[in-house]
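Trainee: Only the shape, not the letters, is given here:
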C-alpha cells in the first residue's frame, strides 16, 4: 500500500512539474535595435549632443582665455613689468582659474548625465511598459534581451520585437 501511495505521489508530482514547465512561455527582444528605431531617442540624443557641444565650446573658450592670461603674465614677467610679489599674486589667480576650469569640466559631465537621464528615462519606461504589456497580453512568462548577449540560442518564432514595435507604434 505504501509503495502504491509513494508511486502515485511521485507520478502526480512529476506530472504537475511537467505541466508547470510546459506552461511557461519565453520570448526575446533586441532592445538596442528597438531603441535605435524610436524617433524620441533620436531627438533626445540630438538634444544631448547640442548641450554637449555648447558646454564643450564654453570650456574651449575658458581654456583659450586661460592660456592667453598665462602668456600675458609670462610676457610681463619676462619684460620686468611684474615684481616677484605681483607675479606670485597673478600666479595664484591663474591657479584659481585653472581649478575653476576643472570644476566646470566636472559640472559639465554631470549636466550631460542629468540631461541624458531626464530625456531617456521616460523613453526607457515606455519601452519597459510596452514589453510588459506584450508579455501580459500574449502569455509570456519571460522575455529576454538578446542585445545583452544573454540569449545563446532562441527560436526565431519567440522573437517578440514585432509585437513590442506595434505596441510602441513603430
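Mentor: That came through, no problem. Predicted, not measured: the structure shown is a model, and the values here were computed from it. Numbering: from 1, shown residues only.
Trainee: Tell me who's in contact with residue 56.
Mentor: If you count contacts by CB atoms under 8 Å, 6 or more residues apart in numbering, residue 56 has them with residue 108. From N, CA and C alone the C-beta is placed, and that goes for glycine too.
Trainee: Which strands or helices does the longest helix along the chain pack on?
Mentor: In the chain, ranked by residue count with DSSP state H as the criterion, the top helix is helix 84-138. Judged by 3 or more CB pairs under 8 Å, 6 or more residues apart in numbering; DSSP states H and E, the packing partners of helix 84-138 are strand 26-29, helix 31-37, helix 39-78, strand 142-145, helix 161-168.
Trainee: Looking at these, which is nearest to residue 134?
Mentor: helix 161-168 (4.5 Å; CB to CB).
Trainee: Figure out how far the closest one is from the centre of its chain.
Mentor: Computed by CA atoms, centre = their mean, to the nearest Å, the chain-centroid distance of helix 161-168 equals 21 Å.
Trainee: I'd like the mean pLDDT over it, please.
Mentor: Averaging pLDDT along helix 161-168 gives 86.
Trainee: got it, and stretch 97-113?
Mentor: Averaging pLDDT along stretch 97-113 yields 94.
Trainee: 22 is where my numbering starts, stick with that
Mentor: From this message on, residue numbering opens at 22, which makes the last subject stretch 118-134.
Trainee: okay, now the residue lying closest to residue 50 once chain neighbours are set aside: neighbour count?
Mentor: Nearest non-adjacent residue to residue 50, counting by CB to CB, 6 or more residues apart in numbering: residue 182, 5.0 Å away. For residue 182, the count of nearby residues is 19 (other CB atoms under 10 Å).
Trainee: Look up the pLDDT of residue 84 for me, please.
Mentor: Confidence for residue 84, expressed as pLDDT, is 93.
Trainee: Please name the residues that touch it.
Mentor: residue 122.
Trainee: mind checking how far residue 59 is from residue 105?
Mentor: Between residue 59 and residue 105 the distance is 62 Å, computed by CB to CB, to the nearest Å.
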